[in-house]
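[1] okay, sequence plus prediction incoming.
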Amino acid sequence: MEWTAPLLADPSLLFGAALLVMLAAILCAIVVSRKLLTSVALTGLFTLVAALWYIAMDAPDVAFTEAVVGGGVSTLILLGSILLTRESAEPVSPSRMVFPAIAVILAGVAILYAVGSIPGFGDPASPANASVGRDYLERTYKEVGIPNVVSAVLASYRGFDTLGETTVVFAAAVGVMLLLGFGERALGDPARRHEALNPDLVEEIDHHVVLRVATKIMIPLMFLFGLYVLFHGEVGAGGGFQAGVILAIALIVHALVFGLSETMRAFPAAAMRAGASAGVLIYAGVGVINMLNGGAFLDYDFLFPPPLEQALSGPDGHAGQHYGIIAIEIGVTATVASGITAIFYGFAGRAPDIASRGASRGPESGGGS
Amino acid sequence: MLEQAASIAAFVGQGLVLAGAIVTIIGSVGVLRFPDFYTRIHAASVTDTLGAGLIIVGLVLLGGGFFVTVKLLIIWGLILITGPTASHALANAAFTSHVKPLGRGDLRQPSASDEG
Amino acid sequence: MLVAAALAIFVSMSLMLVRAFAGPTTYDRLLSVNSFGSKTVLLIGVMGFANGRPDFLDIAIVYALINFVTTIGILKFFRYRTLEVSLSTRRRAVADASGERPDA
């Protein structure tokens, strides 16, 4: 079974270097392109290569996040922002490039100067590996009892930071909703939605049978996979954040293929607002329960009252840690899934307004209420 | 006996993976060299179906336990659903937006400029 | 042998990148982005086995899902300049409106 032998150190370094060259080439193409749609497509490529590089660096959790966020959500939100603004970049006069160029060159020189002091990849003597990281690796299984150290650090040791990050996602969703609305305009008048389209396109928009059938197969699979990622985060790569993004992407695909109003009928914007708030509430609520049971905020060992914890855990278990991590991961998933869906509703639902503002005002249909 | 079977399976698996990778390269060369969009879709689909099939069957034969096999089969299923669907959607969109396929005799001019 | 296969897939990804840069139409770019994605899925699988760590396959599944979504999203936007119109219920939407075709 010689195929299980790990790659020698050298080929994998070469591979990393090749991926970095590829990244640089894609970045140049993104910058040079004046058509923003091309830039968005190339951004998707950039994400794929970047995540490959993270995998080559043995960081599956980061690669997972990069794949779901960079590949899925940010591409779609970039499309939404093109929709609300314009499709091609204006040429910039050379005189306006001088100061940014100087800033970039200075930053590049500073980074190159700092490269010399970066510890080697996987160097056991580097500060990150020698003190804190090693400490986590040694203590996690004893204290938290789950095999994925990344999940343990994110959800348990650094639970307070993750609560902050979840709140940031919530705040971002609230900000987008306040700026762009809740997408409820899209529900208004079905005929208006087609006015933005070219009449020729309306005739052929019904031709996508294959796409509809394939999407119907894919969406349940995506939901299932999202739940798998959520509950498997203790053991493998992934966790609440990635699961939330996957669930949101499943909803977004539904909106893309079957129309935003259909999706909003099944998952109303109000439910998304409630979900985003409920997630943060669940997370913070777990912390408060711990305090009521006599522990510190987010100290899951006190999720249950001490006698119950004793009874549930047995001699070497960590029932409080297990259930606490699952509970806050569910909170994170709820916030992220609802928040990203609400952001997409805001972007996509705003478009008819913009389109009809540009054209002459559409005919008011009187009968429809 | 069982060990022998396992080593044969591993050998065949590696061969299939390599064959799939070669098919992938062939498809990419096709995407790079073919003269118009529709022929390029044809070349790209080779990767999605034959290349992916060979590679994934090869990896299954290499054997990595039950869950790894199931995941590989899931990936294969996903590629089999999404690849042709995406190709179809692309071809559909291109055709309805009047990207003309090359006709008889059209190949003269584009190939002259493409080969340069 | 797996390393050779990974190398071959990487080379074919680079070829695909050339097509993505060259265009000429946006459909060509989208085709190569989509095909690049499926090659990435395969490369992750092969790399996982070559490194003796097949548990990276979860990421390959994510890629297979996300790649499809991205292609459909960009395609729909490029074709129809909207993200919210349904691709299926035109007749129902039109009938809902007022019994009148919006483009008549």
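    That came through, no problem.
[2] CA atoms for contacts and neighbours, from now on please.
    Will do.
[3] count of neighbours near the residue in chain C that chain A sits nearest to?
    Proximity to chain A, evaluated over chain C using Cα to the nearest Cα, is greatest for C:S86 at 3.4 Å. Neighbour count of C:S86, defined by other Cα atoms under 10 Å in any protein chain shown: 23.
[4] residues touching it, list them.
    By Cα atoms under 8 Å, 6 or more residues apart in numbering or on different chains, the residues touching C:S86 are A:255-260.
[5] so where's the stretch 101-250 of chain A uncertain?
    Low-confidence segments of the stretch 101-250 of chain A (pLDDT under 70): A:122, A:184-206.
[6] return the subset of the contacts of C:S86 lying in helices.
    Judged by DSSP state H, these include A:255-258, A:260 as members of helices.
[7] the spatially most central residue of chain B and A:L106, how far apart?
    Centrality entry for chain B: nearest residue to the mean C-alpha point is B:T47, 0.9 Å, by Cα atoms, centre = their mean. Between B:T47 and A:L106 the computed distance is 44 Å (Cα to Cα, to the nearest Å).
[8] and what of A:N148?
    Counting by Cα to Cα, the separation of A:N148 from A:L106 is 40 Å.
[9] likewise A:L112?
    When Cα to Cα is applied, the distance between A:L112 and A:L106 equals 10 Å.
[10] repeat that for B:G83.
    Distance, B:G83 to A:L106, by Cα to Cα: 44 Å.
[11] wait, what's in contact with the spatially closest residue to A:L137 that is not a sequence neighbour?
    Counting by Cα to Cα, 6 or more residues apart in numbering or on different chains, A:L137 lies nearest to A:V149, which is 6.7 Å off, once chain neighbours are set aside. Residues in contact with A:V149 (Cα under 8 Å, 6+ apart) are A:136-137, A:140.
[12] show me where chain B has its helices.
    Assigned helices in chain B, in chain order: B:2-33, B:37-46, B:52-62, B:66-96, B:108-114 (criterion: DSSP H).
[13] buried deepest among these, which one?
    Highest mean neighbour count of the helices of chain B: helix B:52-62, a mean of 24 (counted as mean count of other Cα atoms under 10 Å in any protein chain shown).
[14] so what secondary structure elements neighbour that one?
    Identification of packing neighbours for helix B:52-62 by 3 or more Cα pairs under 8 Å, 6 or more residues apart in numbering or on different chains; DSSP states H and E yields helix B:2-33, helix B:66-96, helix C:26-50.
[15] can you rerun that using 10 Å?
    Applying 3 or more Cα pairs under 10 Å, 6 or more residues apart in numbering or on different chains; DSSP states H and E, one finds that helix B:52-62 contacts helix B:2-33, helix B:37-46, helix B:66-96, helix C:26-50.
[16] roughly how far is the third one from the heart of the chain?
    Taking Cα atoms, centre = their mean, to the nearest Å, the mean C-alpha location of helix B:66-96 is offset from the chain mean by 10 Å.
[17] ok, which stretches of chain C are strands?
    Using DSSP state E, chain C contains no strands.
[18] what average pLDDT does the longest helix that chain A contains get?
    What stands out as the longest helix in chain A, according to DSSP H, is helix A:319-358. Averaged across helix A:319-358, pLDDT comes to 82.
[19] identify each buried residue in it, please.
    The neighbour-count check on helix A:319-358 (16 or more other Cα atoms under 10 Å in any protein chain shown) flags A:319-352, A:355 as buried.
[20] so which pair among the ones in helices among the contacts of C:S86 is furthest apart in space?
    Among those, the pair separated by the greatest distance (Cα to Cα) is A:V257 and A:L260, at 8.5 Å.
[21] find residues that contact each of those two.
    Common neighbours of A:V257 and A:L260, counting by Cα atoms under 10 Å, 6 or more residues apart in numbering or on different chains, are C:83-86.
[22] farthest pair in those residues?
    C:L83 and C:S86 (8.6 Å).
[23] any bit of stretch A:209-226 sitting next to chain C?
    Yes: contact of stretch A:209-226 with chain C (Cα under 10 Å from any Cα of the partner chain) involves A:209, A:211-212, A:215, A:218-219, A:221-222, A:225-226.
[24] list the residues that contact the nearest residue to A:L154 once chain neighbours are set aside.
    Ranked by Cα to Cα, 6+ apart and with sequence neighbours excluded, the top spatial neighbour of A:L154 is A:T162, at 6.3 Å. The neighbours of A:T162, taking Cα under 10 Å, 6+ apart as the test, are A:153-156, A:168, A:241, A:283, A:328-329, A:332.
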